[in-house]
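S.K.: Predicted model follows, preceded by the sequence.
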Amino acid sequence: MARTVWDSTVGKKAVMAVSGVIMLMYLVVHVIGNLKIFFGAGEFNHYAHWLRTVGEPFMHYEWTLWLVRIVLVVAVAAHATSAYQLSRRDIKARPDKYVHRKPRASYATRTMRWGGVILGLFIVWHILDLTTGTVHSGGFQEGHPYQNVVDTFSTWYGNVVYIVAMLALGLHVRHGFWSAAQTLGVGSRTRDRALKTVADVLALLLTAGFVAVPVGVMTGVVS
Amino acid sequence: MKLTLRVWRQKNADAEGAMSTYEVDAISPDMSFLEMLDVLNEQLILAGEEPVAFDHDCREGICGACSLVINGDAHGPERTTTCQLHMRSFRDGDTIDIEPWRASAFPVIKDLVVDRSAFDRIIQAGGYITAPTGSAPEAHATAVPKADADLAFEHAECIGCGACVAACPNGAAMLFTSAKVNHLNVLPQGAPERETRVLDMVAQMDAEGFGGCTLTGECATACPKGIPLVSITGMNKEWLRATRKAGKR
Amino acid sequence: MTDYVNYTTGEPAVDGKAPAGPVHERWDKRRFEAKLVNPANRRKHTVIVVGTGLAGGSAGATLAEQGYHVVQFCYQDSPRRAHSIAAQGGINAAKNYRNDGDSVHRLFYDTVKGGDFRARESNVHRLAQISVEIIDQCVAQGVPFAREYGGLLDTRSFGGVQVSRTFYARGQTGQQLLLGAYQALSRQIAAGNVEMHPRTEMLDLIVVDGRARGIVARDLITGRIDTYFADAVVLASGGYGNVFYLSTNAMNSNATAVWRAHRRGAHFANPCFTQIHPTCIPRTGDHQSKLTLMSESLRNDGRIWVPKAQGDTRPPNQIPEDERDYYLERIYPSFGNLVPRDIASRAAKNVCDEGRGVGPGGQGVYLDFADAIRRMGRKAVEARYGNLFDMYQRITDEDPYEVPMRIYPAVHYTMGGLWVDYDLQTTVPGLFAIGEANFSDHGANRLGASALMQGLADGYFVLPATINDYLARNPHQSPVTAEHPAVQEALAETEDRLHLLLAVDGDRTPDSFHRELGELMWEFCGMSRTDSGLRKALERIPQIREEFWRRIKVPGTGEEFNQSLEKANRIVDYLELAELMCLDALHRAESCGGHFREESQTPDGEAARKDDEFAYAAAWEFTGTGKAPVLHKEDLVFEYVHPTQRSYA
């Protein structure tokens, strides 16, 4: 079965859809957590610490977090690999372009590929910046995420990279969510409107929620 | 009407092609697009040049033979087949670009004629109900709810022209394949082969070198018979269901 | 005048296969008497099938299911595109689901009468019997016929009958039935039982020792001409309506397969029986390349009329009710707008000839839905005819919900074709003709929704049962090789013909000749025919033919995809077939069905049939291009449906 799924364009799209939905669910949790920053360093840092202790005493310190991280890494890898392979295939299937070209499908649809690449690069930067601290501006302090976030958004490039990525995320989610529903066969004529609305709302809330943090830092609400 | 035509000319499958420019005059708005090309071809023959090759047959929008990309649109600006497009959709003095369907699974044979036999092979892979002649039960033995019959019909309307592939930025044949899968899978008569049908047809579609679906919706917009995009969703559902079932076996 | 008209009469044509006895037992009897081929031996037999329409597609699939090795051809790029796909209205079957008095016998009766008593009773009865099995077969294949809310099949009434026996799939019945046959054929192609050659056109028949043993065909992509051998050849190549240039046929539908078979010895029957369909969209100008049919089903709810006054140019909605002539309802009160096609067409011609036609050139009559819209509401009309209305609007740029449609008759179907016996075998042993390519079931006029029925009856049920007999009786035919003189001759003739077409390098295009011939045929061998007109046409056709071979211009070469060459080669055959059509029309000095001779009419202008002189099928034998053919008459005996003057009044 796994072979059938992976070898088929329809199956590979389903892999993209499922991994996309997993990442999407993670993002919803992530954005809610992020908004805690507006309630001060204490609450935010406490929340960050709690993330490591989820599931105790059954789970050891950070086990749950690592579990989530593993699932996410697998999802990202599956999503990216399928996307890469499918794109290669798609380009090969249409080698000759029309002489008479017309702008086509919606912006969100056309930017799925490049949007995906941007998001991929962003995730790398984001982890090196705020998880490992490798490329962090200012002194990265393990266990002090509030300060780390404020540091990042105190640089102009930190804001630019982040905000551009979040706009790309909005577009990606907008087409991606609806698209995943179609790929997984849950779309229908009667449900189409609802699905598109949910996609739009999700995209908007995620983008707004994530962008609120750098804006908060820039405007001094968070400092 | 006087028109400038820029037409893709290609001697054969192996030759390089290019756009050639022609002028046609005295075109009536009541002419169909293909009748306008007839005028051009009569002109070319008398001038000792080779006429433009293009596929066409019934000229009433049902056989699916005609297949031109006109100004970047499969079947041109109206939602119909090329043969049912009339010159009243254009204006005097227009320049019109005419190209063949483009997809690696649809290689050009000559000028505007492409090879669409990949579609036949997708049907051969499972686009049928096994009902050898003589084996049929009485037609009224199985009632089919009207809603299902109508749904089946809506998908069965596909004429296999390939506009969906031509319009798709990925050269995908999802809409064509899904139309047949949905037509047959919704009917009680199609139930016994429901799983193998969708699995085999999708596998053949992939083997033919069509691209994958990115749900841009271009196919459904270009489809002269209005096969809806949700047809693809239906096929995805059938495929996942069949894969699950096959996995259990 | 050429001596072509001085035909001679030969031996009578005899159908030696139809068993005697009660008509409803004949088909069973024939099937029982027919020899069978052992299933293990079937795969050793190769059968060539030319054409993939309803008849060819269903025959290819069924023969392959039975175990024969089928080699099949179509000129289209896919077997799914055969012109059966364009049939709109429906398919008749004597199911009597409506409980409205229908029966096999009534369908048989209606078809014999509708054909104006020029069809064989045995064949027609078999057709009516098989009609019920066809619906079962198609439903099993997944053909999405229209259904009622209870989930059962819907039916409607159709021109020329008073029961509701026509099954349909919106306005696309032909498409759905053809796709059913195509899918069955596809299954056999995938299984390796059918070797399919698309984009390959049959250009000649190979006859070895008096038997059909193969064909010469050209690959339309590469131009390569090849020979294919078999134990039997089945022609399912459709009708010859394109002789008229303008018709409802597909642009590439052609008569080459049947005409080449005729030249090789197959008799051609009733070539003058052509059907002019009453409800087509009128032509708009000289550029017209084909005519589009509007389904006859429209006559169920639309009312046909013209202004009472000549030259009335007011827009239709400004012509008051009492100044309109609903002429079909007036002349034929009991059938009204539902009279058979030949009658409706001629009536339209008559009112136009009186100067009461409407639209450009006065070549049109109104088909008005205003009453239907008032009665049923626009929604109901839309549900029933929506796609036809859309099609009409696309072509004419007029909205039929607001303005009455304009319609005019056009060449649609040819009842004539290769003469076949009850087994559907032609006069060349081993050569069978099915569907529109044969002459067998419709007599002088085909009823609506009967073509689909006949095509599928022949392909699914009749031929697969009768071809066994031929193959069983000729089990060990010696293999034919490419070196056989008959093969070499057929191949060389084909190659020479194509070379000649390319070599003339004249100054006229193929289309210009086709159009000229078509106009001539429409004028003199169209809706109404006269002795003097037909003689004029017979004089003119050889002249056109002569000019054709002097002035034709075909660019390119034969070794490539060359659509001009394909066209020109088909015209070669039209130029000969047209002559035979005119001769047949000239010799049949009666009016019957689609063949109306002005000299033979009743005082009130209705067609007058002459049963004492012409109750026969005319099977013509070829003797050479432009040479007088030999007529073989097959006397028609009516034991069950006694010929009467048809009355639809």
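M.R.: Yep, it's here. Numbering: from 1, shown residues only, chains lettered A, B, ... in the order given.

S.K.: which residues in the stretch 251-400 of chain C form helices?
M.R.: Secondary structure of the stretch 251-400 of chain C, counting by DSSP state H, counting those that start in this stretch: helices at C:256-263, C:327-331, C:341-353, C:370-376, C:378-396.

S.K.: quick one: low-confidence parts of chain A?
M.R.: A:104-105 (pLDDT under 70).

S.K.: Go through it and flag its longest helix.
M.R.: helix A:63-93 (DSSP state H).

S.K.: ok, then the element right after that one?
M.R.: helix A:107-110 (DSSP states H and E).

S.K.: in that next one, what counts as buried?
M.R.: Using 16 or more other Cβ atoms under 10 Å in any protein chain shown as the test for burial, helix A:107-110 gives A:A108, A:T109, A:R110. In this view, the C-beta of every residue, glycine as well, is placed from N, C-alpha and C.

S.K.: Make a markdown table out of those and add distance to C:E566.
M.R.: Formatted as a markdown table, those follow (distance: Cβ to Cβ, whole Å):
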| residue | distance to C:E566 |
| --- | --- |
| A:A108 | 48 |
| A:T109 | 42 |
| A:R110 | 42 |
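
S.K.: Closest residue of chain B to chain A?
M.R.: B:K237 (2.5 Å; Cβ to the nearest Cβ).

S.K.: which residues touch that residue?
M.R.: A:L184, A:G185, A:V186 (Cβ atoms under 8 Å, 6 or more residues apart in numbering or on different chains).

S.K.: before we move on, what about A:N45?
M.R.: Here A:N45 is in contact with A:G143, A:H144, A:P145, A:Y146 (Cβ under 8 Å, 6+ apart).

S.K.: mind listing which of those are in helices?
M.R.: A:P145, A:Y146.

S.K.: so which of the contacts of A:N45 comes closest to C:R224?
M.R.: Ranked by distance to C:R224 (Cβ to Cβ), the contacts of A:N45 are led by A:P145 at 75.2 Å.

S.K.: For C:T625, the count of nearby residues, please.
M.R.: Counted with other Cβ atoms under 10 Å in any protein chain shown, residues neighbouring C:T625 total 13.

S.K.: go on, A:T155?
M.R.: Neighbours of A:T155 (other Cβ under 10 Å): 12.

S.K.: Distance of it relative to A:S137?
M.R.: Distance of A:T155 to A:S137, given as Cβ to Cβ, to the nearest Å: 5 Å.

S.K.: Kindly report the same for C:G265.
M.R.: 95 Å.

S.K.: same thing with C:W549?
M.R.: 89 Å.

S.K.: How confident is the prediction for the closest residue to chain C within chain B, by pLDDT?
M.R.: For chain B and chain C, the shortest gap (Cβ to the nearest Cβ) falls at B:A143, measuring 3.1 Å. Among the per-residue scores, B:A143 holds a pLDDT of 97.

S.K.: what about the longest helix of chain A and chain B, touching?
M.R.: Yes - residues of helix A:63-93 contacting chain B under Cβ under 8 Å from any Cβ of the partner chain: A:L86, A:R89, A:D90, A:I91, A:K92, A:A93.

S.K.: Turn those into CSV, including neighbour count.
M.R.: What follows is the residues of helix A:63-93 next to chain B, written out as CSV (neighbours: other Cβ atoms under 10 Å in any protein chain shown):
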residue, neighbour count
A:L86, 21
A:R89, 19
A:D90, 21
A:I91, 15
A:K92, 13
A:A93, 25
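
S.K.: Out of those, which is nearest to C:T274?
M.R.: A:A93 (47.2 Å).

S.K.: for the closest residue to C:R156 other than its chain neighbours, which residues make a bridge with it?
M.R.: The shortest distance from C:R156 to any non-neighbouring residue, by Cβ to Cβ, 6 or more residues apart in numbering or on different chains, is to C:T166 (5.2 Å). Beta-bridge pairing for C:T166 (DSSP bridges): C:N92, C:R156.

S.K.: Please list all residues in contact with C:T166.
M.R.: Here C:T166 is in contact with C:G89, C:G90, C:I91, C:N92, C:T155, C:R156, C:S157, C:F158, C:S297, C:G448, C:A449 (Cβ under 8 Å, 6+ apart).

S.K.: Number of residues surrounding the residue of chain A found nearest chain C?
M.R.: Nearest to chain C in chain A, going by Cβ to the nearest Cβ, is A:R189, at a distance of 18.2 Å. By other Cβ under 10 Å, 11 other residues sit near A:R189.

S.K.: for the longest helix seen in chain B, which positions count as buried?
M.R.: Using DSSP H, we find that the single longest helix of chain B is helix B:230-248. For helix B:230-248, the neighbour count (16+ other Cβ under 10 Å) marks B:230-240, B:242-243 as buried.

S.K.: from those residues, which is closest to C:V351?
M.R.: Nearest member of the buried residues of helix B:230-248 to C:V351, counting by Cβ to Cβ, is B:S231, at 46.7 Å.

S.K.: which residues touch the residue lying closest to that closest one once chain neighbours are set aside?
M.R.: In space, and not counting its chain neighbours, B:S231 is closest to B:S178: 4.3 Å by Cβ to Cβ, 6+ apart. Counting by Cβ under 8 Å, 6+ apart, B:S178 touches B:H155, B:I227, B:S231, B:I232, B:G234, B:M235.

S.K.: ok, the residue in chain A that chain B sits nearest to to C:F32 distance?
M.R.: Nearest residue of chain A to chain B: A:G185, at 2.5 Å (Cβ to the nearest Cβ). Taking Cβ to Cβ as the measure, A:G185 falls 52 Å from C:F32.

S.K.: Neighbour count for the two, which is higher?
M.R.: Neighbours per residue (other Cβ under 10 Å) separate A:G185 from C:F32, with A:G185 holding more: 20 against 9.

S.K.: Quick check: that one touching B:G234?
M.R.: Yes - with contact defined as Cβ atoms under 8 Å, A:G185 reaches B:G234; the gap is 7.1 Å.

S.K.: ok so, going back, pLDDT score assigned to the residue of chain B closest to chain A?
M.R.: Looking at B:K237, its pLDDT is 97.

S.K.: same check, this time on the one 3 residues further on
M.R.: Taken from the predicted model, the pLDDT recorded for B:L240 is 97.

S.K.: Equivalent analysis for C:D3, please.
M.R.: pLDDT at C:D3 comes out at 89.

S.K.: Distance check, A:A80 against A:A181.
M.R.: 21 Å.

S.K.: B:D14 too?
M.R.: For B:D14, the distance to A:A181 - Cβ to Cβ - is 44 Å.

S.K.: Between the two, which is the more surrounded one?
M.R.: A:A181 (24 against 8).

S.K.: Test my guess that that one contacts A:T197.
M.R.: No - with contact defined as Cβ under 8 Å, A:A181 does not reach A:T197; the gap is 11.9 Å.

S.K.: which residues of the stretch 1-150 of chain C fall in helices?
M.R.: Using DSSP H, counting those that start in this stretch, helices in the stretch 1-150 of chain C cover C:26-33, C:39-42, C:54-66, C:104-114, C:121-140.

S.K.: Equivalent analysis for chain B, please.
M.R.: Counting by DSSP H, the helices of chain B are B:33-46, B:117-124, B:146-156, B:163-167, B:174-185, B:194-207, B:218-222, B:230-248.

S.K.: how about a markdown table for these, with distance to A:V221 added?
M.R.: Shown next, in a markdown table, are those (distance: least, Cβ to Cβ, whole Å):
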| stretch | distance to A:V221 |
| --- | --- |
| helix B:33-46 | 62 |
| helix B:117-124 | 58 |
| helix B:146-156 | 54 |
| helix B:163-167 | 49 |
| helix B:174-185 | 48 |
| helix B:194-207 | 52 |
| helix B:218-222 | 44 |
| helix B:230-248 | 43 |
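
S.K.: And those: which comes nearest B:D92?
M.R.: Using Cβ to Cβ, the nearest of the helices of chain B to B:D92 is helix B:33-46, at 12.8 Å.

S.K.: show me what contacts the residue of the stretch 51-200 of chain C at minimum distance from chain A?
M.R.: Closest residue of the stretch 51-200 of chain C to chain A, Cβ to the nearest Cβ: C:P144 (18.2 Å). Counting by Cβ under 8 Å, 6+ apart, C:P144 makes contact with B:A149, B:D150, B:A152, B:F153, B:A156, B:H183, B:L187, C:A169, C:Q176.
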